[in-house]
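Novice: Requesting a structural model of the entry that follows:
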Amino acid sequence: MIIKKSITALTAALGILLLGSSCDRTRNDKGYEYFPDMVHSLTYETYAINPAMGDSSAMRLPAENTISREMIPYAYPATIEGRTLAAAELVNPLEATPENLARGKEMFTVFCQGCHGELGNGDGHLYTSGRFSIKPASLLSEKMLAAPEGDIYHVISVGFNVMGAHGHMIRPADRWKVAMYVKKELQNKTVK
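Specialist: Residues are numbered from 1 along each chain as shown. Got it, this is the predicted structure:
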């Protein structure tokens, strides 16, 4: 009788111990995985340093000829002729709504402000800190004030002179929103 009670108590204690050890306090650990098959990848943050790469950049260009599912092929080459043609033919398909302008400002802050500055006059942190020896183009110059949104969209997409292409980082709709923000907000503040 005593042995039976002690076996029952021991079994209950082991059961509680086993049940308690199988629980995770943070609920982040799902227990043992026998075939994880790359479920948990070690990723880098966008602008983090990657010691495995020669240039230490974690943000890599896609492999050559890679096309994302939602990509629309861009018909204009990264040449002066391509820029002129894009400026003449491309028209912003989006309306200048407060939401689109707010998104354009957000994307400008993330991708453009570091070089072109908050006001778009080419005095961004990367230039004023000495990281860039060539001053970025002022978006408030006579040439840029006369440029249509299609020209700005083209330069964002494929780059021009020392400015690199951002088409692989910014979706087409967001590129149009940045161009819209530059024309309707930044340049309008200067003209007034």
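Novice: what's residue 49 sitting at in phi/psi?
Specialist: Geometry field for residue 49 lists phi and psi as phi -90, psi 130, criterion degrees, to the nearest 10.
Novice: close enough to count as contact, it and residue 58?
Specialist: Yes: checked against Cβ atoms under 8 Å, the pair residue 49 and residue 58 is within contact range at 6.7 Å. The way it works is simple: take the backbone N, C-alpha and C, and place the C-beta from them, glycine included.
Novice: Pick out whichever of these two has more residues nearby.
Specialist: Using other Cβ atoms under 10 Å as the criterion, residue 49 and residue 58 rank with residue 58 on top: 15 against 11.
Novice: residue contacts, the more buried one?
Specialist: Residue 58 is in contact with 44-50, counting by Cβ atoms under 8 Å, 6 or more residues apart in numbering.
Novice: With residue 117 instead?
Specialist: 123-125, 127, 136.
Novice: Please determine how far residue 174 is located from residue 71.
Specialist: As judged by Cβ to Cβ, to the nearest Å, residue 174 and residue 71 stand 14 Å apart.
Novice: In terms of neighbours, single out the busier of those two.
Specialist: residue 174 (20 against 13).
Novice: How about that one: what's its closest non-neighbour residue?
Specialist: Nearest-residue entry for residue 174: residue 107, 4.9 Å, with adjacent residues in sequence omitted and distances by Cβ to Cβ, 6 or more residues apart in numbering.
Novice: May I ask which helix or strand encompasses that neighbour?
Specialist: helix 98-111 (DSSP states H and E).
Novice: name the helices or strands packed onto that helix?
Specialist: Counting contacts by 3 or more Cβ pairs under 8 Å, 6 or more residues apart in numbering; DSSP states H and E, helix 98-111 packs against helix 172-181.
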